[in-house]
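output the structure for:
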Amino acid sequence: MELAILLLRLVVGILAFPVYLLHFLGLWSSICKQFFPHFMVRFTATYNEQMASKKQELFSNLLEFAGTSGKLSLLELGCGTGANFKFYPSGCRVTCVDPNPNFEKFLIKSIAENRHLQFERFVVASGEDMHQVADGSMDVVVCTLVLCSVKDQEQVLKEVRRVLRPGGAFYFCEHVAAKPSTWTYFWQQVLDPVWFLVFDGCNLTRESWKPLEQASFSQLQLQHVQAPLSWELVRPHIFGYSVK
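Residues are numbered from 1 along each chain as shown. The predicted structure follows:
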């Protein structure tokens, strides 16, 4: 099995040689950062359509974590194009964090389409270092399809816990590694190196539930599901929330 994976990786690598060459020359990252938001506009529209019921279920109890003012202060980590905005409750105060500044113009469009929200600000930062966001200032942090691409999941979760107030909640919805010995897992292993480059650092084989289980939250509600998506490789998902 391992030999087959290595051989198929070689074949895929040869087919993707132009991408590897651009990466070697130091050009691919900037190209990808420009291209990726345009791809995500189309992808998240399809993803939202296919995952609407799951997202509605996930975010159904957001208001339980509203502060004493009755309004919810929410930080979305890796906000992308603002695909989650329509699932947030009316009056929610939203702060957005993303390391790619090229998402901002798409984010502004989403803000204009979701007048039920109160937009606070867009912060260009990685999840590992959100120092612009004050300690304990958020009721909720949301992270969807982000833990697959961060550099250090444990550090991101430390930052999430830092910015959450006591009793605040972290909501997540992430594609993860499939069960070993399945064909999905086999092809995830084969395609992961090229997928990582083409999709701006996204990993197909991360077991993101493990750092969540070890992150010292007081409560963790986590489900493993097969998402109703067209792309077989990203159907294995986890979703739920944890409480500080």
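
going forward, measure contacts between C-alpha atoms and count neighbours the same way
OK.

what about the longest helix seen in the chain, average pLDDT?
Looking across the chain with DSSP state H, the single longest helix is helix 28-58. Computed over helix 28-58, the mean pLDDT rounds to 92.

what sits against the closest residue to V156 other than its chain neighbours?
Counting by Cα to Cα, 6 or more residues apart in numbering, the nearest residue to V156 once its immediate chain neighbours are dropped is E128, at 4.5 Å. Contact analysis of E128 by Cα atoms under 8 Å, 6 or more residues apart in numbering lists V150, K151, D152, Q153, Q155, V156, E159.

hmm, 10 Å instead?
Neighbouring residues of E128 by Cα atoms under 10 Å, 6 or more residues apart in numbering: V150, K151, D152, Q153, E154, Q155, V156, L157, K158, E159, V160.

with S73 instead?
63, 65-67, 91-95, 118, 120, 137-141, 164, 168.

and it, backbone torsions?
Phi and psi for S73, reported as degrees, to the nearest 10, are phi -90, psi 110.

before we move on, what about the one 10 residues further on?
A83 has phi and psi values of phi -60, psi -20 when expressed as degrees, to the nearest 10.

my guess is it contacts P37. True?
No - using Cα atoms under 10 Å, A83 makes no contact with P37, being 11.7 Å away.

related to what we said a few turns ago, show me which positions of the longest helix of the chain end up buried.
28-29, 32-33, 36-37, 40-41, 44, 47-48, 51, 54-55, 58 (16 or more other Cα atoms under 10 Å).

give the next helix or strand downstream of it.
Next along the chain after helix 28-58, taking DSSP states H and E as the criterion, comes strand 73-77.

all strands of this protein, in order?
73-77, 93-98, 118-124, 138-144, 164-175, 219-226, 236-243 (DSSP state E).

hang on, the earlier thing: tell me, what's touching A83 and P37 both at once?
F43, F106, L107.

which of these lies closest to V146?
F43 (14.2 Å; Cα to Cα).

how about the contacts made by the closest one?
P37, A83.

next one: it from Q50, what distance?
To Q50, F43 is 11 Å away according to Cα to Cα, to the nearest Å.

that older thread, just the buried ones among the contacts of S73, please.
Buried among those by 16+ other Cα under 10 Å: 63, 65-67, 92-95, 118, 137-141, 164, 168.

before we move on, back to that, can you redo the strands of the chain as CSV with mean pLDDT?
Listed next are those as CSV, based on pLDDT from 0 to 100:
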stretch, mean pLDDT
strand 73-77, 97
strand 93-98, 96
strand 118-124, 94
strand 138-144, 97
strand 164-175, 97
strand 219-226, 95
strand 236-243, 97
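
and the ones you listed: which comes nearest M1?
strand 236-243 (21.0 Å).

that closest one packs against which elements?
If contacts are counted by 3 or more Cα pairs under 10 Å, 6 or more residues apart in numbering; DSSP states H and E, strand 236-243 sits against helix 28-58, strand 138-144, strand 164-175, helix 209-213, strand 219-226.

can you put the ones you listed in a markdown table and add distance to L3?
Listed next are the helices and strands packed on strand 236-243 as a markdown table, based on distance: least, Cα to Cα, whole Å:
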| stretch | distance to L3 |
| --- | --- |
| helix 28-58 | 29 |
| strand 138-144 | 34 |
| strand 164-175 | 26 |
| helix 209-213 | 27 |
| strand 219-226 | 28 |
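
returning to that earlier point: can you list the strands of the chain in a markdown table and add distance to E207?
Below are the strands of the chain laid out as a markdown table (distance: least, Cα to Cα, whole Å):
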| stretch | distance to E207 |
| --- | --- |
| strand 73-77 | 19 |
| strand 93-98 | 22 |
| strand 118-124 | 27 |
| strand 138-144 | 15 |
| strand 164-175 | 9 |
| strand 219-226 | 11 |
| strand 236-243 | 10 |
